[in-house]
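Q: Everything below, folded, please.
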Amino acid sequence: MRKRKSLPPGPMPLPVVGNLHQIGLGEIEPQLKKLHDKYGSMITVYQGPERHVFIGGHDVAHQTLVKNGLAFGHRLPAAPENFRLFGGDASEPFIGFTDCGPLWRLFRRNLASEILSPTSLSSFANDRNEILKKLIHKLKNEADKAGDVVQPLETFRHVLFSLALFMCFGEKLDDEAVAERLEAIRLSHQNLSRFVVFHIFPKFGKYLFPQRWKEMLAIRRRLVINLLPIVQTRAHKMEENKKDGIFSYADSLLALELPGGGKLKESEVTTLCYEFLTAGVSTVVSSLQWAMANLVKYPYVQAKLFEEIERVTQKNGGVINEEDLKKMPYLKAVILETLRSHPPIHTLLPHKVSEDISLEGYTIPKNTYVNFMLVSMGLDGKVWQDPLEFKPERFMGGRESIDLTGTREIKMIPFGAGRRVCPGMGLGMFHLEYMVAHLIKEFEWKAVAGDELDMAESMEMDIDYVMKKPLQACIVPRK
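A: Sure thing, here's the model as predicted:
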């Protein structure tokens, strides 16, 4: 009988809690980095009874996500009843968490064709322009009140969330209503790590952590109050929505025919809309702040980008048309370098293995959760020359060609790779290019005198990595 190969190395787990006493439940990356330094690029840790393998190597990531994408493409089981956001039965859906199968393919196809296709994106052009005007207006007002100094993070977050709300629901809400819904979602995200105990211990969690249980119920009620009524309104006036010419993500979900027949429940539509709002906003906001911070820190990069924008738009009288973005390779290089050096998320959502897999001399047993360390890949000196330097030029002229989908090879995967690559990758890249181009066209961004730019990172809302000290800059309108 052949001897079974061992798991990747890692610290010895304790009964019931596993390695939670070593890695915790919140910002676990520093602890994981220490374990990687000690045990290598593949490590095994236990979060409670769940076995997780963390991978930090490019080649191994390509083997798992692309070459063995089918075996590694599965997800966590459905959340227990007491951990769901909007009620419903055990099928409460998230595209990111739904296991591979007909329903998952239907959700992704609907999102790609109805909301993220070029035709659909162009239908929101006027609304993007309105949001852009609001953004510029808010920044100018803030600068006028504070001697040209702005702290743009919350403004970025508010206006991008406004756009996502309209794409999601087809409803234009005032600033107060936008702020209330944004806060409800932020509260749910900020407490994810605290509430995960109810997923790990579904039967006893509410008795072990009664106060935390009450907080979770309150946050869940606030989400329901803020999102579910909008879905119900869209459902009750489907014909009017068609006449208005506004076809939102919620509308597409309400019209969706499920495999085997039937429609999604309103609570299930709300869950998918919640996922759209969280995944489509927080990472873009984080990356936008990092991009602008680097353009402040490196004025020569900003000057080179501004020159490209001026050259491309001179035939339009200086107006940036959305089609012009495709003619700005340096703009794309700035965004790519931002995502390489400061990916908004540092680990992907866990993948689950559907069968025993042999990998790099180890065995990954069936039902093991596998995750990927994105920062390790983006800063690997074996792959990237001068990895700690901000050099957009590395993406120009084919010097370090990059396939963001990871199909050919994996160098950096800020949007994941393989079967589970983020369906919103194109939208995220477009919004980043759109916003950065207009912000640089409209203002010159400078460091504030006497204020040293701090590029340290901090985890926000239990998933996104943002600037530990939010960006503060001096903005001067271009002549």
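
Q: CA only for contacts and neighbour counts going forward, please
A: Noted.

Q: what helix or strand is the residue positioned nearest the centre of the chain on?
A: Closest to where the C-alpha atoms of the chain average out (C-alpha atoms, centre = their mean) is Thr283, at 3.9 Å. Taking DSSP states H and E as the criterion, Thr283 maps to helix 282-297.

Q: now for that helix, which elements pack on it?
A: Counting contacts by 3 or more C-alpha pairs under 8 Å, 6 or more residues apart in numbering; DSSP states H and E, helix 282-297 packs against helix 153-169, helix 299-313, helix 329-341, helix 425-442, strand 443-446, strand 464-467.

Q: want to throw those into TSV with mean pLDDT, mean neighbour count and distance to Phe198?
A: Putting the helices and strands packed on helix 282-297 into TSV (pLDDT from 0 to 100; neighbours: other C-alpha atoms under 10 Å; distance: least, C-alpha to C-alpha, whole Å) gives the following:
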stretch	mean pLDDT	mean neighbour count	distance to Phe198
helix 153-169	94	21	29
helix 299-313	97	17	47
helix 329-341	96	22	33
helix 425-442	95	18	31
strand 443-446	97	21	45
strand 464-467	79	23	22
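
Q: between these, which gets nearest to Tyr274?
A: With C-alpha to C-alpha, the closest approach to Tyr274 among these belongs to helix 153-169: 9.1 Å.

Q: chain center to the closest one: distance?
A: Relative to its parent chain, helix 153-169 has a centroid offset of 14 Å by C-alpha atoms, centre = their mean, to the nearest Å.

Q: what angle sits between that helix and helix 425-442?
A: Calculated by axes from the mean of the first three to the mean of the last three C-alpha atoms, to 10 degrees, helix 153-169 forms an angle of 140 degrees with helix 425-442.

Q: Please tell me how far Cys273 sits from Leu295.
A: Distance of Cys273 to Leu295, computed by C-alpha to C-alpha, to the nearest Å: 33 Å.

Q: To clarify, my last question referred to Leu70.
A: Leu70 is 40 Å from Leu295, by C-alpha to C-alpha.

Q: which of these two has more neighbours?
A: Leu295 (24 against 16; other C-alpha atoms under 10 Å).

Q: how about low-confidence regions in the stretch 201-350 of the chain?
A: Within the stretch 201-350 of the chain, the ranges that satisfy pLDDT under 70 run 239, 241-245.

Q: ok, 80 please
A: 201-203, 238-246 (pLDDT under 80).

Q: go on, the stretch 51-200 of the chain?
A: Scanning the stretch 51-200 of the chain for pLDDT under 80 picks out the ranges 70, 73-100, 189-200.

Q: Now with 90, please.
A: 56-105, 112-125, 170-172, 185-200 (pLDDT under 90).

Q: Show me the strands in it, by range?
A: Per DSSP state E, counting those that start in this stretch, the stretch 51-200 of the chain carries strands over the ranges 149-150.

Q: Distance of His236 relative to Lys263?
A: For His236, the distance to Lys263 equals 14 Å [C-alpha to C-alpha].

Q: before we move on, what about Ser6?
A: 46 Å.

Q: same check, this time on Ala143
A: According to C-alpha to C-alpha, Ala143 stands 49 Å off from Lys263.
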